[in-house]
Every structure is written in structure tokens, then in C-alpha cells.
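> Make a model of this:
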Amino acid sequence: MPRPPCNAKIVATLGPASADRATIEGLVKAGADVFRLNFSHGTHEDHKRRLDLIRAIEHDLGKPIGVLLDLQGPKLRVGTFADGPVKLLEGASFRLDLQRDKLGDATRATLPHPEIFAALQAGSDLLLDDGRLRLRVVSCGADFADTLVVNGGMLSDRKGVNVPGVVLPLSAMTEKDRADLDYGLTLGVDWVAVSFVQRPEDIVEVKRIVQGRAGIVAKLEKPAAIVCLDAILAETDAVMVARGDLGVEMPAEQVPAIQKRIVRACRRRGLPVIVATQMLESMVSAPVPTRAEASDVATAIYDGADAVMLSAESASGKFPVEAVAMMDRIIAQTEADRYYREAIEASHTQPPANVPDAVGWAARSVAGLLDVAALVAYTSSGSSALRMARERPRASIIGMTPKRSTARRLTLVWGVHPVPCKDVMDVAEMTELAAKTAVQLAFAQPGQTIVIAAGMPFGTAGSTNLLRIAQV
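Now for the predicted structure:
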């Protein structure tokens, strides 16, 4: 007998190693729920070709599949060097400036970002090449920074620059991002991830462009974003704990606590939260993960994260399908552990005092008391399913929706198994359709009990106000 589907979802990044139909279909069958299109790499044509394959597979398998467009964001990089890589020695002086027409050497380099110089002050640190090199600002002006090399090493063309502890006067959206976003919305992506969010205004700016055509995911990878976490959560539709740059800009030992803080905050609000970066990194080149990586994935599941994400493992690694299958097995094993349910219950919080959240809370209570076979959310916007998922109930959630776009967005949400369905006219028809669907999907058998949540009148977004207990 097949095991029940996992509650936590898997986001898999597509890339050169997973660009053909057979591999993408293999990823779906191995457990991938959402595909990430990383617009930091590849052409528009590459991404369209992959999205077309996803939609064809979705049609053939009869299973909604989510697509996440990940915007590159403002990438800060040094310029190029006259004679190849240079070695910066600890204690040496090194200048950064805006002289774009002058190639770098062992004493200086171009940093073509006036916004950085505007925000620097003496004592600020600059991290280069993912934190491998550290420079400390001694003096600076509008077009230069004289620094001291604190941690030296080799520096080559176009390496990235991070400025920890400084809120940069930069929009999270570059001109490239705007073009990519417009193209992705035309293709019909379901989620848009905004990189290097520093403040809630970054999310508001993207929402004005998207106009509800996709859900917004705030990528939290800057310490400044953690300072105003609640304000960002109030604006976004979902969150990604992007541990790569977060681990560069702040001490590595702080990242686990920050991850848990973000997950807890998202769970309180009922926002989907993705834990990402280096989860099964060794599987880029090896067929099995390290034990530490398996524990890392399991920790996110014990904490109640909605989804865990694979990056290079599925995009450019040697074992993309095996990586998804491994992540799926880790999730299943963790969710089968008795302590998992204890951990979920212990971390549960009271919902906000409003009608939709009260209905979600009541559904969880009824499901626990009556040992129901399944919960069913009949939803237009996805709100009823989100309110149920916030409560992390024991029973699986069937997210029934007449909108295919809603079904695709719900693929990211903990415990929700989205099902496109027809519009219903009244409660009796809704109940009959819910019971029939629960049986068809093997979530319930005749004679068992299901709990249904919906909003009246039907089709009104965010109007969850009905809870019905029905016999199949």
C-alpha cells in the first residue's frame, strides 16, 4: 500500500541538469511539488521552454505543479583585473573606486556601485567572494573607499560584494528584474521570489507591478530584513529563508536561530515558508547526502516549514532525481516519527481573532476530536486552505478550487493537496463534491467523516466563514 503524501513540500530548481522532459517528469514523480526558475541564469527562451514542459507534464499527470520565478536582484560585484586574479595580503591597503575604465591590480579595483559608497563609513566591513575576503573601511568618500585587508586571499574578476550591517539605498528590483518579471508574468508563473529584500517597501514595489497575478515570496538574506521582519511579513505572501547570503552577511552560528525565528514568525501568521540553500549540497556530485545534511532537512520539517528547496542539487548536479527522491524520503521518515507530531503541537500558537482563522482553528479541533479522514477547503483565493494549513492538523487537507491558478499556488503550502474542480452553487453540491473527491483521491472511505471549510457566498476571496462536518 503506497504511503500517504508528505505534508511538507519540495521546491526543485531547474537548470542544465534538469532541462529535458524526462528528467522534469522524473523530478515530479520523485516528489517535487514546485519548480524554481532561477532568472540569475539562463535566457528567457530557456525558461519558457522549461515552463512549457512543466505545463505539459502537469496536463498529462493531472496534478497541479507550481512554478516559482526567482529574480536575480541587485548583484554587487567588483570589476575586472588587468593581469588575472590578484592576491590580497592580510594587513595590506586596498582601494575600491568608481573608475570603470581602469583595470584592477593588487592595490585597487573598480566597484561600480555608487550606492555602496554613499552608505559606507569608517569601520564598515566589506565581504568579497562569498565572505572569503574581508575588507575594513579606513576612509571613504562619494567615489572611493580605502580599506584594510582583514582576511586576505585570491580575488578575481566580477566577484560578489556583501556589505553586512548596512542598509543600502538600493531597490530590490533592477532593470533586468523588471524585464524578467514582466516576461514571467506573461508566461503565467505562480510565485515570484524577490531577492535581497531589505525593507517592506521592497515588497510593496513588486506588488504594485504584479497586481495579484502571482504570489510574492520575500527572500530573507540580509540582516536588515531580519530587523524589520514583522513589517515585511505583513506585506508578503510567503517567505524564503535564503541561508546562502544570510550566512555570508552574518556569523554562521547565528543562522540556525534566525532560521527558526523566521519559521516561527511565518507559522504564527499562516504564511508559507521555504527553507533553502545547501540542504543536500553534497548530492551535487555524490549519490547520497551527508548525515548532517539529512539532519538539516529533518530539522526544517520538525520546525513545521512549508517547503524545503534544492538549488544546484537539481539544477546542475549529477543526481537531480535522486536528490529529490532523497529529500522526499527524509520528509516522509521525519513526519512518521512520533516526536514530529509532538513538536508540531508544542510549537502551535493561537490564531488571530478573526472569522477565517477561527474557522481554521475549529477545523483542526474537530479533526482531532473526531479523528476525521480528511479536511477539505473549498476555496477561490486559497485563503480557506491557508487558514487550515496554519493549524498544522493531523488530517490531510484537500484544497478544492475552481481556479487553476489557485491550485498551482497551493502546491507550496504545508499539507494541502490542491485539486481543480468545478464551481458549486450551494452547500449541498459542495458537500457532495468534497466527499466524492476525498474518496477518489483515497483520503477517505465510505462511512468516514470529513470536515469542510468554505466561504459564503461562494467565489468571494478571503470570506472563509463556514465549517461543515459530513459523512462520506
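> Output the contacting helices and strands for the helix or strand bottoming out on mean pLDDT in the chain.
Least confident helix or strand, the chain: helix 243-249 with a mean of 87, by mean pLDDT, DSSP states H and E. Using 3 or more C-beta pairs under 8 Å, 6 or more residues apart in numbering; DSSP states H and E, the elements in contact with helix 243-249 are strand 161-162, helix 255-269, strand 273-276. Yep, even glycine has a C-beta here, placed from its N, CA and C like the rest.
> tell me the most buried of these?
Highest mean neighbour count of the helices and strands packed on helix 243-249: strand 273-276, a mean of 26 (counted as mean count of other C-beta atoms under 10 Å).
> Need the contact partners of it.
Outside strand 273-276, the residues that touch it by C-beta atoms under 8 Å, 6 or more residues apart in numbering are 11, 217, 238-244, 259, 262-263, 266-267, 300, 305-309, 311, 412.
> before we move on, the earlier item: mind listing what's buried along the least confident helix or strand of the chain?
Buried residues in helix 243-249, defined by neighbour count with 16 or more other C-beta atoms under 10 Å: Arg243, Asp245, Leu246, Gly247, Val248, Glu249.
> possible to save those as TSV with distance to Leu53?
Listed next are these as TSV, based on distance: C-beta to C-beta, whole Å:
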residue	distance to Leu53
Arg243	29
Asp245	30
Leu246	32
Gly247	33
Val248	33
Glu249	36
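> Among those, which one sits closest to Met430?
Of all those, Met430 sits closest to Arg243, with 41.6 Å by C-beta to C-beta.
> Quick check: that closest one touching Gln278?
Yes. Between Arg243 and Gln278 there is a contact under C-beta atoms under 8 Å: 6.9 Å.
> For the closest residue to His44 other than its chain neighbours, pull up the helix or strand it's in.
Of all residues not flanking His44 in the chain, Tyr183 sits nearest, at 5.3 Å (C-beta to C-beta, 6 or more residues apart in numbering). Using DSSP states H and E, the element containing Tyr183 is helix 175-187.
> Enumerate every residue touching the closest residue in space to Leu37 that isn't next to it in sequence.
Excluding the flanking residues, the one nearest Leu37 by C-beta to C-beta, 6+ apart is His47, at 4.8 Å. By C-beta under 8 Å, 6+ apart, His47 lies in contact with Leu37, Phe39, Leu69, Tyr183, Gly184, Leu187.
> For Phe144, state which of those residues is nearest.
The closest of the contacts of His47, once distances to Phe144 are taken by C-beta to C-beta, is Phe39, at 32.3 Å.
> Now do the same for the nearest residue to that closest one once chain neighbours are set aside: its pLDDT.
Spatial nearest neighbour of Phe39, chain neighbours left out: Asp180 (4.5 Å); criterion: C-beta to C-beta, 6+ apart. Looking at Asp180, its pLDDT stands at 98.
> Asp180 and Met430: what is the separation?
The spacing between Asp180 and Met430, counted by C-beta to C-beta, to the nearest Å, is 39 Å.
> Please apply the same query to Ala145.
63 Å.
> Over to Leu168?
On the measure of C-beta to C-beta, Leu168 and Met430 end up 50 Å apart.
> Who has more neighbours out of these two?
Met430 (23 against 18; other C-beta atoms under 10 Å).
> can you tell me the helix or strand for the more buried one?
Using DSSP H and E, Met430 sits within helix 427-440.
> Could you list the alpha-carbon positions for that helix in CSV?
Listed next in CSV are the C-alpha coordinates belonging to helix 427-440 (Å, rounded to 0.1, in the frame of the first residue of the first chain):
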residue,chain,number,x,y,z
VAL,A,427,-23.6,23.8,0.3
ALA,A,428,-25.2,20.5,-0.7
GLU,A,429,-23.4,20.4,-4.0
MET,A,430,-20.2,21.4,-2.3
THR,A,431,-20.5,18.7,0.3
GLU,A,432,-21.3,16.0,-2.3
LEU,A,433,-18.3,17.1,-4.4
ALA,A,434,-16.0,17.2,-1.4
ALA,A,435,-17.0,13.7,-0.3
LYS,A,436,-16.6,12.3,-3.8
THR,A,437,-13.2,13.9,-4.3
ALA,A,438,-11.9,12.6,-0.9
VAL,A,439,-12.8,9.0,-1.9
GLN,A,440,-11.4,9.3,-5.4
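> what lines up beside whichever helix or strand comes after that helix in the sheet?
Per DSSP H and E, the first helix or strand lying C-terminal to helix 427-440 is strand 449-455. Partners of strand 449-455 in the sheet, by DSSP bridges, are strand 374-378 (parallel), strand 464-471 (antiparallel).
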